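Asker: what's the 3D shape of this:
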Amino acid sequence: MGKKDKKNKDPEKKAALAAKKEAKADKAALKRLQKEQDRLNSLSIQDSDRDDGNQKQPQEESLDSILESFRQRTKELETAVLEPIDTPFPSPPRGNFTFTLCPTNGLFYMFGGEYYDGSENLVFDELLRWNPDAKTDNDDEEKANENKRDNTDNSNVENYDTGKWTRILTPAPTPPPRCAHSAVFHNDGIYIFGGEMATAEKYHHYKDLWRLDVKKNTWEECKSRGGSPPVARSGHRAVVWRHCMIMFGGFQEELRADTRWFNDVHIFDFQTNIWCELKYNKLARLPPARSACNMTVCADALFIYGGYSKLKNANAPGANKSEGITHIDCWMLPLKQLIKSNKSGPLSGANPPSWERITRKGEYPSQRAGTSAALHKNKLLVFGGVLDSEGDQHKVESVFYDDLFALDMEKRRWFAMRLKKGSGGGRRRKKKDNQDETKVENNGGNESDNSEEEEEVPQNDAEAISSGWDLDKLRQDMFAFIDGNGNIVYEKIEDDNGEDDSNKIGEEEKTKDSSNLSADVATAASKAVTQEKKQSISDTKNVDKIDASAVMQVDSKGLPSTVTRQTPLPRINCAVSVKGNTLYIYGGVVEVGDREVTLDDCWSIDLNKRDKWTCIWPGMMHKQVWKGVDDDDSYISSDQGGDDDENSLDEDFELDPIHEDDAEKMTEEERKKAKKAVKKAKEKEKRRGVRHEITELKEKLGVDNAQRTPQMGESVAEFYARTTEYWSVEAAKSAGVAACDSGERLSTKELAREGFLLAKKRYEELKPVLQRLDELEAMQQEGAEEKQKKKDKKKSSKKDRR
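Answerer: A predicted model of the protein is given here:
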């Protein structure tokens, strides 16, 4: 009895000890999972036996286990736990997270985000902290260098000053996973609002407000005490002004309603926990609604620039088509009018101030969306972005940018922030006293801290020349990746050398001239044309497979590896922040066609010297797994050997059934994934069969020859009228052989009749084949449209957040 009382003497201490042991065990398990993930990923690439399609992907299993482990641990914690991460930078990479600088301790706090691998979209609730100035402890230096070598292909990884990352496990309550939310810092607290949960199973916008106490490392939900809180949204922007948080814009997407974009302004008073909205009349001049704009506060004025939204096109059939709008305007809202001495709220009794549109002056950026921005002194720094343009058949062509601009909010003028030359030459400067421009010599980069106050002055007010990276350049530079089966997949690079165009021109000329030749010559010309056409069809694409570029290379083992770069890659929605006079750029997203690459590299630049970019971490983009490979017209898999077949399934491919005993052992999630895999495999096999039948029919009867093939809905008479010259040549050929036998020649009228009979015979021969081809091509088109709809649905919310 005494022993039992002794055990139950201090239950709190016992629970704390158990929690500590469990946390230690989870930490060890997490390390094992991450090491096993790296090992399996490496083996899956080099393993030649990749035929086991039922094996679960190690990366997918590890990520799910890690995320579930985090959530279970935070539910049972009573106090915050800080632990260093085992990799130089967080893994897996993520986009649309927040990256907030805490001025009181000089640390960056990263929360939330998402990672899309072509199959699933993971949304995070992980809280991480980064100290860019931290040096590795002597005890951990050897371990840190070992981890860096395991995660890079560069032998000099110890030269990267990656700082120190720490994972913060906070006790409940904690905000749920989200991305595309906002975060601001005020009075030892980081406030996050809104965002979205965007996965295959869930899609939800948030309207909650949370505060992270950076001293205690605990979360607290901030309940409004009154006013009019904003509706749920994501892609909005928020800044701190005095003792208030100002929020603007965003969008809300619902399943049974049209997507809404906002241009409302909401203000949250940190002192009273009261929301209020600026109310304007219908005649007020306001910025158009948008999401993903750049916003900051300078000298009691709110500035917004750019953004993205969609607008219904009334001229489109059914008026159901929405067109994307990339905003290039800049607006200013004076805030002094909002200052009130009473305690009932910042807007009590006040009329809302008027928006003012700012004219673009100086060397301003070209049209783009998805830019990232940070405030430095009196300048809004803007980096990156993308311009989407819709072409034929609604195909979107994107150009990504990697340049840096600054908007001087006092002078209301744009400047291109190019790297300064290290020596020689000179540049025009504008002096503070606004005197005439003069030539000054470059001082070799030894400029004082206020050197940025003198900016390069463009000759005229004009848009900056930005070449950007289009799809061709992106595919050539980011030419290889790893698919879900561990294969190295290459982009197909098509080299259009103009040979095909010249063949077409020659073909047209020969066809025209053949009507003026004798029967024998015309027959020879017809044969030559037909032969050239067949040859041109087989040589329409000149495919090159490259193994090195300015971004990556294939090493001696055949694996993608990094290449040392001097500047950051182009990107959208990256994290941009300024600490002192140093600008940091981290992560972001770049799209190579349908493939989405989540970047995790980190760069910095001294804004005073501005002589070079410093790579803090080169990133792991080359080791990312992309599971969305389903279009073989764009890729060459190392497992397929460059075959144009849609997938690497054998002719005797069969799907293994899911037995009842195995199904009972499966969890609900595993059962869904298994059914999804079976359904996807059946769809691929069906598409493969359709395409194979189409190819066989076309090759068997030569329907690719437009002169010998009726068009859709064409009658016999219409077919002959369109191809009269061709059938006249064929009739002359037959008549020439007959004349040699009988010694008689056919008249022009008889040749025309013979040509019509040949055309009719061909028409009747192809009629059932063409009907079947129409059915197959309709099935193929329907499948392609359905596939594209799924892709568009996955990308729609991400496009909206641009």
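Asker: is residue 575 in a bridge, and if so with what?
Answerer: Per DSSP bridges, the residues bridged to residue 575 are residue 586.
Asker: residues touching it, list them.
Answerer: 97, 98, 99, 110, 372, 584, 585, 586, 587, 588 (C-beta atoms under 8 Å, 6 or more residues apart in numbering). The C-beta positions use only the backbone N, C-alpha and C, and glycine is treated the same way.
Asker: redo those residues as TSV? Include distance to residue 85.
Answerer: Listed next are the contacts of residue 575 as TSV, based on distance: C-beta to C-beta, whole Å:
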residue	distance to residue 85
97	15
98	18
99	16
110	11
372	24
584	18
585	20
586	15
587	15
588	20
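Asker: which of the residues you listed fall in helices?
Answerer: In helices, judged by DSSP state H, none of the contacts of residue 575 are found.
Asker: out of the residues you listed, which sit inside strands?
Answerer: Among these, DSSP state E puts 98, 99, 110, 372, 584, 585, 586, 587, 588 in strands.
Asker: out of these, which is nearest to residue 761?
Answerer: Lowest distance from residue 761 to these (C-beta to C-beta) belongs to residue 588, with 62.2 Å.
Asker: just to revisit the earlier point, in a markdown table: the ones in strands among the contacts of residue 575, plus distance to residue 478 and neighbour count.
Answerer: As requested, those are exported to a markdown table (distance: C-beta to C-beta, whole Å; neighbours: other C-beta atoms under 10 Å):
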| residue | distance to residue 478 | neighbour count |
| --- | --- | --- |
| 98 | 26 | 22 |
| 99 | 24 | 22 |
| 110 | 25 | 23 |
| 372 | 20 | 23 |
| 584 | 23 | 22 |
| 585 | 18 | 27 |
| 586 | 19 | 27 |
| 587 | 16 | 26 |
| 588 | 14 | 27 |
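Asker: give me the low-pLDDT residue ranges for the stretch 551-700 of the chain?
Answerer: Within the stretch 551-700 of the chain, the ranges that satisfy pLDDT under 70 run 630-634, 637-682, 684-685, 687, 690-691, 693-694, 697-700.
Asker: show me the shaky parts of the stretch 351-500 of the chain.
Answerer: 391-394, 422-459, 494-500.
Asker: one more time with 80, if that's ok
Answerer: Where the stretch 351-500 of the chain drops to pLDDT under 80, the residues are 351, 390-396, 421-460, 492-500.
Asker: can you tell me the distance between the two ends of stretch 111-125?
Answerer: Stretch 111-125 has an end-to-end distance of 7 Å (C-alpha to C-alpha, to the nearest Å).
Asker: do the same with stretch 734-753
Answerer: One end of stretch 734-753 to the other measures 12 Å (C-alpha to C-alpha).
Asker: one more: stretch 234-251?
Answerer: Start-to-end span of stretch 234-251 (C-alpha to C-alpha) is 6 Å.
Asker: what's the mean pLDDT across that stretch?
Answerer: Here stretch 234-251 scores 96 as its mean pLDDT.
Asker: turn the ones in strands among the contacts of residue 575 into a markdown table, columns for distance to residue 753.
Answerer: Converted to a markdown table, those look like this (distance: C-beta to C-beta, whole Å):
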| residue | distance to residue 753 |
| --- | --- |
| 98 | 79 |
| 99 | 80 |
| 110 | 81 |
| 372 | 73 |
| 584 | 82 |
| 585 | 76 |
| 586 | 77 |
| 587 | 73 |
| 588 | 70 |
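Asker: between these, which sits nearest residue 477?
Answerer: Among those, and counting by C-beta to C-beta, the member closest to residue 477 is residue 588, at 15.8 Å.
Asker: quick one: the helices in the stretch 451-600 of the chain?
Answerer: Per DSSP state H, counting those that start in this stretch, the stretch 451-600 of the chain carries helices over the ranges 471-477, 499-513, 519-538.
Asker: let me fix that, I meant to ask about the chain.
Answerer: 2-7, 11-46, 58-76, 138-151, 471-477, 499-513, 519-538, 660-665, 668-701, 716-722, 724-742, 748-800.
Asker: right, and residue 188 touches residue 109 too?
Answerer: No. Contact criterion C-beta atoms under 8 Å: residue 188 and residue 109 do not qualify, at 11.9 Å.
Asker: what sits in contact with each of the two?
Answerer: What both residue 188 and residue 109 touch, as defined by C-beta under 8 Å, 6+ apart, is the set residue 214.
Asker: which one of those two is surrounded by more residues?
Answerer: In this view residue 188 and residue 109 are compared by other C-beta atoms under 10 Å, and residue 109 has more residues nearby, 21 against 15.
Asker: for that one, which residues make a bridge with it?
Answerer: residue 100, residue 129.
Asker: and for residue 592?
Answerer: Under the criterion used (DSSP bridges), residue 592 bridges to residue 595.
Asker: separation between residue 269 and residue 186?
Answerer: 11 Å (C-beta to C-beta, to the nearest Å).
Asker: between these two, which is the more surrounded one?
Answerer: residue 269 (21 against 16).
Asker: the more buried one against residue 244, yeah?
Answerer: Yes. Using C-beta under 8 Å, residue 269 makes contact with residue 244 at a distance of 5.5 Å.
Asker: for residue 92, give its distance to residue 590.
Answerer: According to C-beta to C-beta, residue 92 stands 16 Å off from residue 590.
Asker: between the two, which is the more surrounded one?
Answerer: Remark: of residue 92 and residue 590, residue 590 carries more neighbours, 23 against 19, as counted by other C-beta under 10 Å.
Asker: now do the contacts for that one.
Answerer: Applying C-beta under 8 Å, 6+ apart, the residues near residue 590 are 400, 469, 474, 478, 569, 570, 571, 572, 597, 599.
Asker: can you give me the distance of it to residue 477?
Answerer: Separation of residue 590 from residue 477 (C-beta to C-beta): 10 Å.
Asker: likewise residue 235?
Answerer: 29 Å.
Asker: and those two? Which one has more around it.
Answerer: The neighbour count for residue 235 versus residue 477, taken as other C-beta under 10 Å, is higher for residue 235 (33 against 18).
Asker: find the nearest non-adjacent residue to that one, please.
Answerer: residue 291 (3.3 Å; C-beta to C-beta, 6 or more residues apart in numbering).
Asker: is it true that that neighbour touches residue 250?
Answerer: Yes. If you go by C-beta under 8 Å, residue 291 and residue 250 touch, sitting 5.2 Å apart.
Asker: so what's the residue count around residue 84?
Answerer: Using other C-beta under 10 Å, residue 84 has 13 neighbouring residues.
Asker: ok, now residue 167?
Answerer: Residue 167: 18 neighbours (other C-beta under 10 Å).
Asker: same deal with residue 282?
Answerer: For residue 282, the neighbour count with other C-beta under 10 Å is 5.
Asker: and residue 126, by the same measure?
Answerer: Counted with other C-beta under 10 Å, residues neighbouring residue 126 total 20.
Asker: against residue 116, how distant is it?
Answerer: 16 Å.
Asker: joint contacts of residue 269 and residue 186?
Answerer: In contact with both residue 269 and residue 186: residue 243, using C-beta under 8 Å, 6+ apart.
Asker: can you name the residues that contact residue 324?
Answerer: By C-beta under 8 Å, 6+ apart, the neighbours of residue 324 are 308, 309, 310, 369, 388, 390, 799.
Asker: mind doing that once more with 6 Å?
Answerer: Contact analysis of residue 324 by C-beta atoms under 6 Å, 6 or more residues apart in numbering lists residue 310.
Asker: tell me the pLDDT at it?
Answerer: 86.
Asker: and residue 218, by the same measure?
Answerer: For residue 218, the pLDDT comes out at 95.
Asker: who does it bridge with?
Answerer: residue 213.
Asker: how many residues are close by it?
Answerer: The tally of other residues near residue 218 (other C-beta under 10 Å) stands at 17.
Asker: use 178 as the first number from now on
Answerer: Got it, first residue is 178 now, which makes that one residue 395.
Asker: that one and residue 282, how far apart?
Answerer: 16 Å.
Asker: and for residue 956?
Answerer: Counting by C-beta to C-beta, the gap from residue 956 to residue 282 is 61 Å.
Asker: do residue 539 as well
Answerer: Using C-beta to C-beta, residue 539 is found at 36 Å from residue 282.
Asker: with that, I have no additional questions.
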